[in-house]
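> the sequence and its predicted three-dimensional model are supplied below.
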Amino acid sequence: MFDLQHKTLGEFIIANQDSFQYTSGELSRLLNGLRLAAKVVNHEVNKAGLVDILGGAGDTNIQGENQQKLDVLANEKFIQTLKNREIVCGIASEEEDDFIAINSKDENHQNKYVVLIDPLDGSSNIDVNVSVGTIFSIYRRITPVGTPVTMEDFLQPGKNQIAAGYIIYGTSTMLVYTTGDGVNGFTLNPALGTFYLSHPNMEFPETGKIYSVNEGNYIHFPQGVKDYIKYCQKEEGDRPYTSRYIGSLVSDFHRNMIKGGIYMYPKSSMAHNGKLRLLYECNPMAFLAEQANGKASDGFQRIMDIQPSELHERVPFFCGSKKMVEKAEEFMAKY
């Protein structure tokens with residue numbers, strides 16, 4: 001049973017507005033917009049097996065990946081909700097070729113924020129009823145307020161993020177986010193349609209016993225990654241570690257943050273820059289990790305220091321408990 005004395009997400013946002021350096025109230029409205037869209041998508045995900053929204057949509061996205069019907073639906077819901085509320089000046093989605101400029105009915109609109117979003121991470125798992133999620137990232141625009149947004153507003157390094165988070169649609173639905181003052185998790189009470197603070201001040205354990213990587217690609221990995229995997233498997237000290245890989249970044253990250261572990265999606269001979277997108281996946285997860293006492297790198301440098309050069313840029317990704325990421329970097333540095 002939920003303890004209804006728990007603070008709701010709406011109450012928490014209002015109560016913590018003062019800890020955020022831009023206290024205009026717009027960010028609160030923006031987070032509330034994302035909360036609303038998350039509830040709509042959650043409803044669709046939970047009835048997916050009952051109606052005709054499983055399977056492929058018949059299209060491919062900008063990365064050449066097959067889109068699932070729920071990919072398309074989630075993308076539409078988040079974009080429409082943010083557009084309708086007129087609280088952002090631009091949106092970039094993993095499912096769209098280009099960014100979307102939001103033209104307000106008010107010619108003098110003062111919207112300052114852009115949102116970058118992966119509407120349904122891990123969607124290839126939908127058909128087999130495995131947890132999926134949404135990842136979002138929020139920046140203040142660089143170009144002058146009141147003018148149309150440009151690519152410059154979206155190609156910002158992760159260290160410029162002012163908020164980031166994810167929604168995980170699993171056995172329970174959770175919204176986890178940060179505004180640069182720690183990480184907090186909220187669980188949806190489906191009977192009331194309300195998110196309650198269930199996981200305050202979330203943090204990665206400094207080290208852990210889980211490593212998450214697609215070992216089916218082992219032969220294609222760089223030697224440093226192969227050596228680190230062998231290190232994880234070696235029986236010595238507190239090892240061997242346990243291998244746990246869901247194939248949904250949100251789910252793997254969420255488990256490792258709670259239990260302690262490292263998530264890896266390295267470059268390989270098949271994917272020379274890795275597979276994960278810097279702007280839609282790596283930057284927001286890196287922001288959350290650092291705010292939760294973890295670490296995120298591309299194996300050699302901090303993820304949030306990388307200057308993006310294109311909307312759909314991919315990078316290798318190592319993220320999780322600080323000591324585990326540092327150990328993986330040690331192995332990478334040898335080559």
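Yep, it's here.
> buried set for stretch 310-321?
311-321 (16 or more other CB atoms under 10 Å). Just so you know, the C-beta spots here come from the backbone N, C-alpha and C atoms, and that holds for glycine as well.
> export the residues you listed as TSV, with columns for secondary structure, distance to residue 261 and pLDDT.
Formatted as TSV, these follow (DSSP: H, G, I helix; E, B strand; the rest coil; distance: CB to CB, whole Å; pLDDT from 0 to 100):
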residue	secondary structure	distance to residue 261	pLDDT
311	coil	30	97
312	coil	28	96
313	coil	26	97
314	strand	23	97
315	coil	20	98
316	coil	18	98
317	strand	14	98
318	strand	12	98
319	strand	10	98
320	strand	5	98
321	strand	6	98
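> closest to residue 247 out of these?
residue 317 (13.9 Å; CB to CB).
> hang on, the closest one packs against residue 301?
No - judged on CB atoms under 8 Å, residue 317 makes no contact with residue 301 at a distance of 11.9 Å.
> shared neighbours, these two?
Common neighbours of residue 317 and residue 301, using CB atoms under 8 Å, 6 or more residues apart in numbering, do not exist here.
> ok, residue 205 to residue 261 distance?
Distance of residue 205 to residue 261, computed by CB to CB, to the nearest Å: 9 Å.
> what residues are shared contacts of those two?
residue 321.
> skipping adjacent residues, who's closest to the residue nearest to the spatial centre of the chain in space?
For the chain, the residue nearest the mean C-alpha position is residue 135 (3.3 Å; CA atoms, centre = their mean). Spatially, and ignoring its direct neighbours in sequence, residue 135 is nearest to residue 118 (4.3 Å; CB to CB, 6 or more residues apart in numbering).
> now do the contacts for the one you found.
Each residue near residue 118 by CB under 8 Å, 6+ apart is listed here: 93-94, 134-136, 277, 280-281.
> now those residues as CSV including pLDDT, distance to residue 290 and secondary structure?
Supplementary listing: those in CSV, determined by pLDDT from 0 to 100; distance: CB to CB, whole Å; DSSP: H, G, I helix; E, B strand; the rest coil:
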residue, pLDDT, distance to residue 290, secondary structure
93, 96, 24, strand
94, 93, 22, coil
134, 95, 20, strand
135, 97, 16, strand
136, 97, 17, strand
277, 97, 18, strand
280, 97, 18, helix
281, 98, 15, helix
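> quick one: which of the residues you listed is nearest residue 17?
residue 136 (18.7 Å).
> tell me what that closest one is bridged to.
residue 117, residue 165 (DSSP bridges).
> domain map for this structure?
Following automatic domain parsing, one finds the domains of the chain at 9-199, 210-333.
> what are the phi and psi angles of residue 246?
With angles defined as degrees, to the nearest 10, residue 246 sits at phi -90, psi -30.
> what is the neighbour count of the residue lying closest to residue 151 once chain neighbours are set aside?
Nearest non-adjacent residue to residue 151, counting by CB to CB, 6+ apart: residue 99, 6.9 Å away. As a burial measure, residue 99 scores 19 neighbours (other CB atoms under 10 Å).
> so residue 302 is in contact with residue 287, correct?
No - Residue 302 is beyond contact range of residue 287, at 11.1 Å (criterion: CB under 8 Å).
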